[in-house]
Each structure stands twice: as structure tokens, then as C-alpha cells.
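Colleague: Here is my input, please return the structure:
(2 chains)
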Amino acid sequence: MSGSIKAVNIGKAYKKYSNRWSRLIEWVSPFYKKQHELTWILKEINFTISPGEAVGIIGINGAGKSTLLKLITGTAKPSTGSIFIDGQVSAMLELGMGFHPDFTGRANVIMAAQLMGYNDEEIEEVMPEVEAFAEIGNYIDQPVRVYSSGMQVRLAFSIATARRPDILIVDEALSVGDDYFQHKSFDRIRKFSKMGTTLLIVSHDKSAIQTLCDRAILLDKGCIAQEGKPEAIMNFYNAMIAEREKEDITQEEFNNGKTQTTSGTGEVKTEDIGLYNCEDQRIENVRVGESVILKVRIRVVEKIKTLVLGYVIKDRLGQDMYGTNTWYTKQVINNLQIGDRYQFNIKYKANLGIGSYSVSIALHEQNTHISANYYWQDLALVFNVINTKEVQFVGNNWMEPEIKIKPYE
Amino acid sequence: MSLLKELWDYRGFIKGSVKREFQLNYQNSMLGAAWTIINPLAMIVVYTVIFSKVMKTRLPGNAGTFSYSIFLCSGLFTWNLFVEITCKTQNIFITNANLIKKLSFPRITLPVVVVLNALINFLIGFSLFIIFLIITGNFPGWVFISILPVITLQIIFSIGVGIILGILNVFFRDVGQLYSVILQFWFWLTPIVYSPTIIPEKMRLGLKVNPMASIMNAYQGIFVEKQIPQWHSLIYPVVLGLILCMIGIKLYIRCSADMVDEL
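Modeller: Below is the predicted model:
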């Protein structure tokens, strides 16, 4: 069956030479010891993609995603292992498709089509459709150097998908286009996928991966960290990011204690922050409208007079969804002694829309953390809201509707 | 064999690239493609007027008015073909880095495009030279056909040199600079503007080592003396050219993976 991809134990390493002469030395004297060090970008990658499957590759910047795509497309060669590809591949790596800036869009389309093995009649046949899909108007006859990056992507995508390939590989390029074009291109990708094209997509866009893909592969430091259902992998990935970002913050605290985030004077420390469901199980995925308990355990390090705990739930873009503190709820704790421990159980209904949310925690003296800030932590916790039971809806809020319809005269 | 099939499959790209490259050279100039004719025409005129009329230079042993300018042109046009192929092939991977990194296609098409383009430029100039020969009554007649094998062998040699330089140039950018220096010496060490007969006996061995000297000598023989080349003198350049091509392909197979990483 055409459309399968099989990677067997592939690895990719770049050679690093200590200086300009060492490569020459290595070349001219074959008996001399190796002058280069290998930097491994990918290691021991094994996977099989069956025809018609849609697979998303996710991972932080530098995890090796683009390199992996290059290896599959065939522009770069693996250092170890081998890749078996069956079928015709159409790939869109990075921006453009090797467009020549001085040629017009049309000339570049022709060139790209020729490189994809089209003959003259075939090019003539697809040209109008490519033009129509890219929707760049008269720019098609202008040199590509005057194009915006969005226009280049539109054109590149239009050529790459002018015909349904057996395998379609799309790098993050699509995120450059505007919403309108993104939707349009996703529609086309989805259509191809339904018709049996194998998809391989790299994206940071969670919804793209979740809606398009049957399976996701998470790359971390050049290895496959996890593989499975897109949703599960996305959650794992989010947790991984949260972990990383927390580390970054601690680092920041260490280097520069002046900024507000890090000016936590440290009289109080958090010991554990977790989100629990009604059965007291720690969870990361929350159903829309589910009752959950945010548990924060703290320990007093130095004697203080008052303590207020504040928290804010933020969406993916960092916008506040809800936040309050124990000053407003009139639950200020007084006269704390060294070694005192407290557990805050904050119970609330997750009346939130589908998406990823984070919780920030602040421990301070008065009603705001500006007066005396003991401890402040962004992204202390990340959780996802999923919709399994409720009617489909959009937006950040869950406002349970009761819709009545009756005919009237 | 698969190489030829790949070339055939990508003939559309090759044809298109040759056309584009040709257009690119002239699309921003007002006279456009006329420059392809003006340049070689100027060359013929300059050499003919200056050397034949003004300086009255004559080749030793040949009293024809135009003999020296024919001698010059037959060497210069073909030398320029050699220079164009080697210099462009030398930069072939660097100038096409954008394509090589983003698309998967048979790389063999790239040198083919270079050679075809150089040949087009060469043919435009060279046909002017032929017209000049016919007008002045110096056309060598059927002997002319014998330039075909000579040009073929010259192209093989040029590709061999160019590919090796091109691969090395990706890793050591000094190669490009070095080659332009070498070309200067190579040009003056090859009998193109002077006759090989003026070289002292002791130095003749140097000409034997220089494959371009035998090739140039063949052209000059065809056009000035109207004689078929002594084929045995071309065995050395053919063999050397084939060896260089083989080394180039070997080198390419060994380095192609590293090359993409380096671009």
C-alpha cells in the first residue's frame, strides 16, 4: 500500500569541528584520529505510520521535529538507521518551497511543480487552481521578494497540495497564515486525510493536532518521549512545559531577586500544589462544570503576623479567568509560628471552556501581594478542561443554558 | 542507468531552469538578450582590429591577415566555456542551498543545468565567430566537425574539475577564492594568446602536463591550420577528465549527507 512510512532506529548527528583546520586535517590524513565531535539531534527513533494515518509530531523548540521531517522528506540523510517510504511525498518545510526571490510567483510555482515531477500540461492544468487557492491576486506575477511571509506560505501550500499526494508532510509553516487561510488549508488537509493521504504534521497548535491526528508522537531531546492518542500526549506535553517553565522561574529567582515575581521574601513556602476531583484523586484533566478542589499546602519558615493566600486561574494566553484571595473571603490567618503547616482546600466548579489553564499562587501579608510578598508562583499548576458530557460550545466560560423553543403566533 | 532515468524524469525542471537562468541574466537589463551577442561580438572586433590591423601581429609561420585573431578567438571562446562551467559548478551547491535544503530531487540535474546554460551562451558567441570565419573566407570546411569530440571531452573535463571544486567549496569556502587565483595562472600558462612554438624547448614538458594546452591546441589546429587534431594528444585530457568525474561522483556519494548539514 502506498503511503506508509517506516523509521528504523534512525539517528542524526551533526559534526562539530573545533576549528576550521581540523576538518582539513581529518580529510587529508585518514589515519589521523577523528577531529570532530558528534552532536546528536535525533537518537533511536523507531515508528511505523500506516497508509492513511494522521500523525502529529510535537515537542519543544529544538526537540528535533524539523530535523525528523527533513529526514523523512529526504533533504537530509540520517546518520544511522534507515527510513522506508512508500508513495509520493509532498512536503512543506519551513517557509516557502525554496522560492527564488527574483522570479515571479508564477515562475516559482512552475519551478516547484517541475521539481515535483509535473510535466508541462499538468502544470498548465493545476496553475489556475493554485492561483485560486492561494488568493494572492495580482501578486502572482510579481517577484516573490515583495511577498509577505503569509503570501509565500499561501502559495507554497497551494502548490504542495495542488494534487493529493500519498504522503503530506507539513511543518509549522501553516501557523504563519492568517486565520482564514489556516481554516482553508486545514479543510484541505482534512479532505486529503479522508481520501486516504497519510499525514505527518508538526505543530504547536494543540487544537490542530487534536482535530487532525489519530496519533501523536512527542519528541524530547531527540528521542521519542511518548506516543499515543493526541489528547493524552498533549497533556503530557503541557505538563512537561509547565515543569520547564517552573524551573525557569526558580532560576530567575536565583539570579535576580529584585523583580516582583521573585521578590518573594520566603517567610512561607509551598510544599505541594495539586488539583483533585471529588474522589480525592489528583487530576490534570477536568470535565466542564466538574467540581474540583485546588489543594495548596504551605509551611511557615519565619514568624509572621498575617498570611493571605491568593490564586488566579489563567487561560492559555495568560488572561485572567478568575482569581481571589483569603483577604476578601475574610479568612486571614494570624500569628503564624515557625514550622506551622496549613492546607488550603479551594473548591470550585470548573465552569470553563475547553482548553489549557494555569493556576498562579501568591502568599502575602495583606490584600495584595504588593505590600509584603512571601511567595509568588506563576504556572504553579496546569490543567486542561475537556468536554465529555455537555453540549458543544465555544468560549472560555461554561454558562449552562436552558433553551426553550416554542412556536408563537 | 537510474541516473539517466532521473534526468529524463526531471527534464521539465532542467528545461525550465535553463530558461529561467537565461532570463534572469537579462531580465533587468534594457537591451536584454542582445547582450549575449554584444559581448562576444566586441571580443571578436577588439582582437581583430587591435591585433590584426593596428599591431599587425602575425602568427609565426602563417601570414594570413586574420590568422592571429582566429587563433585568439578559437582559444578564448572555448576557454571561456571552460571557465563558465567550472566556476558555476564550483558554486552549484551554495547557490542552490535553498532548494537543496527544502526539496528532495535528484541533485544530478543541477550540473546538467549549468552545462546546458554555459553551452547556450557559448553557442551564441561561437556562431558569431563561425559567421566571421565564413565572411572572411577562413571557414575550415568539413574539418570543422572534428571540434565536436573536442568540445565533448572539454566538457567532461570541466565537469570533473567543477564538481570536485563544488563539493570542496561547501566545506572549505577558501576553495572558491583559490580557484579564481589558479585560473589566472592557468590562463597565462596555457597557449591561448601566444603560440606554443614561442615556448623554449625546455619548458615544453609543462604544456604536456596541462590538459587544457592539448585541448586548446586542438581547436587552434582546426581553425588556423584547418587540420584534424592529432587524436593521441587528447588521450591524456580524456582519461584525466574521466578520472576526475569518477573522483567527483565518489566524493559526492561520500559527502552528500554532510553537505546538506553544512549548507
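Colleague: I figured B:F126 hits B:S74, correct?
Modeller: No: using CB atoms under 8 Å, B:F126 is not in contact with B:S74, being 9.4 Å away. The C-beta positions use only the backbone N, C-alpha and C, and glycine is treated the same way.
Colleague: And these two? Which one has more around it.
Modeller: B:S74 (24 against 20; other CB atoms under 10 Å in any protein chain shown).
Colleague: The more buried one belongs to a helix?
Modeller: Yes: counting by DSSP: H, G, I helix; E, B strand; the rest coil, B:S74 is found in a helix.
Colleague: out of everything not next to it in sequence, what's closest to it?
Modeller: B:F223 (4.1 Å; CB to CB, 6 or more residues apart in numbering or on different chains).
Colleague: just B:F71 next, same as before
Modeller: B:V224 (5.1 Å).
Colleague: same deal with B:G221?
Modeller: Using CB to CB, 6+ apart, the nearest residue to B:G221 is B:Q227, at 4.9 Å.
Colleague: Would you point out which residue of the stretch 201-350 of chain A is nearest chain B?
Modeller: Distances between the stretch 201-350 of chain A and chain B by CB to the nearest CB are smallest at A:V202, namely 14.5 Å.
Colleague: residue contacts, that residue?
Modeller: By CB atoms under 8 Å, 6 or more residues apart in numbering or on different chains, the contact list for A:V202 reads A:56-58, A:65-66, A:69, A:170-172.
Colleague: Does the residue of the stretch 101-250 of chain B found nearest chain A belong to a helix, a strand or coil?
Modeller: Nearest residue of the stretch 101-250 of chain B to chain A: B:S104, at 3.6 Å (CB to the nearest CB). Per three-state DSSP, the local secondary structure of B:S104 is coil.
Colleague: what sits against it?
Modeller: By CB under 8 Å, 6+ apart, the neighbours of B:S104 are A:73-75, A:89, A:91.
Colleague: Could you tell me which of those residues belong to helices?
Modeller: Of the contacts of B:S104, the ones assigned to helices by DSSP state H are A:T73.
Colleague: is it fair to say A:L309 lies in a helix?
Modeller: No: under the criterion used here (three-state DSSP), A:L309 is strand, not part of a helix.
Colleague: which residues does the residue of the stretch 201-350 of chain A closest to chain B bridge with?
Modeller: Counting by DSSP bridges, A:V202 forms beta bridges with A:I57.
Colleague: Get me the contact residues on chain B for chain A.
Modeller: Proximity of chain B to chain A, by CB under 8 Å from any CB of the partner chain, involves residues B:9-10, B:12-13, B:16-17, B:20, B:24, B:27, B:98-105, B:171-172, B:256-258, B:260-261.
Colleague: buried subset of those residues?
Modeller: By neighbour count, with 16 or more other CB atoms under 10 Å in any protein chain shown, the residues of chain B next to chain A hold B:10, B:12-13, B:16-17, B:20, B:99-105, B:171-172, B:256, B:258, B:260-261 as buried.
Colleague: Now do A:T80 against A:A13, distance only.
Modeller: Using CB to CB, to the nearest Å, A:T80 is found at 8 Å from A:A13.
Colleague: Among those two, which residue is more densely surrounded?
Modeller: Taking neighbours as other CB under 10 Å, A:T80 and A:A13 compare with A:A13 leading, 18 against 15.
Colleague: Fine by me, we can end here.
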